[in-house]
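Q: the following block contains a protein sequence and its predicted model.
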Amino acid sequence: MTWARHASHPNPAEDQSWLAGVRAEEEIRLTAQNGKAARTVAGHSSDALDCAELLAMLGLEAAEGRKSGASA
């Protein structure tokens with residue numbers, strides 16, 4: 001049996017570029033997820049103080065639920 005091998009010396013610039021793209025995509029996904037979570041908390045809170053406390057417990061900020069890019 002032989003092992004399949006990739007290029008012996010991958011181009012570090014291409015590898016870094018790919019990784020930067022993955023990180024950017026993850027940041028977009030995380031921003032959307034946090035926005036949905038903040039809106040869910042706001043919708044289920046009894047008042048503003050309750051909402052602020054719950055968001056703080058989750059490490060979220062109210063502004064995350066207001067971002068237009070986070071809706072989807």
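A: Structure's in. What do you need?
Q: residues contacting residue 52?
A: By Cβ atoms under 8 Å, 6 or more residues apart in numbering, the contact set of residue 52 is residue 62. Where C-beta positions appear, they are placed from N, C-alpha and C, glycine not excepted.
Q: quick check: which element contains it?
A: Counting by DSSP states H and E, the element that carries residue 52 is helix 48-58.
Q: can you show me the CA trace of that helix as PDB?
A: Written as PDB, here are the backbone C-alpha positions of helix 48-58 (Å, rounded to 0.1, in the frame of the first residue of the first chain):
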ATOM      1  CA  ALA A  48     -34.800  45.500  30.300                       C
ATOM      2  CA  LEU A  49     -32.900  44.700  33.500                       C
ATOM      3  CA  ASP A  50     -33.600  41.000  33.100                       C
ATOM      4  CA  CYS A  51     -32.400  41.100  29.500                       C
ATOM      5  CA  ALA A  52     -29.200  42.900  30.400                       C
ATOM      6  CA  GLU A  53     -28.500  40.400  33.100                       C
ATOM      7  CA  LEU A  54     -29.100  37.400  30.900                       C
ATOM      8  CA  LEU A  55     -27.000  38.900  28.100                       C
ATOM      9  CA  ALA A  56     -24.200  39.500  30.500                       C
ATOM     10  CA  MET A  57     -24.300  35.900  31.800                       C
ATOM     11  CA  LEU A  58     -24.000  34.700  28.200                       C
END
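Q: list the buried residues of that helix.
A: Neighbour-count burial for helix 48-58, counted by 16 or more other Cβ atoms under 10 Å, picks out 51, 54-55.
Q: now residue 42: closest residue in space, sequence neighbours ignored.
A: Nearest non-adjacent residue to residue 42, counting by Cβ to Cβ, 6 or more residues apart in numbering: residue 51, 5.2 Å away.
Q: so that neighbour sits against residue 43, correct?
A: No. Judged on Cβ atoms under 8 Å, residue 51 makes no contact with residue 43 at a distance of 9.2 Å.
Q: circling back: let's have the buried residues of helix 48-58 in CSV, adding pLDDT and distance to residue 30.
A: Putting these into CSV (pLDDT from 0 to 100; distance: Cβ to Cβ, whole Å) gives the following:
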residue, pLDDT, distance to residue 30
51, 96, 21
54, 96, 19
55, 96, 16
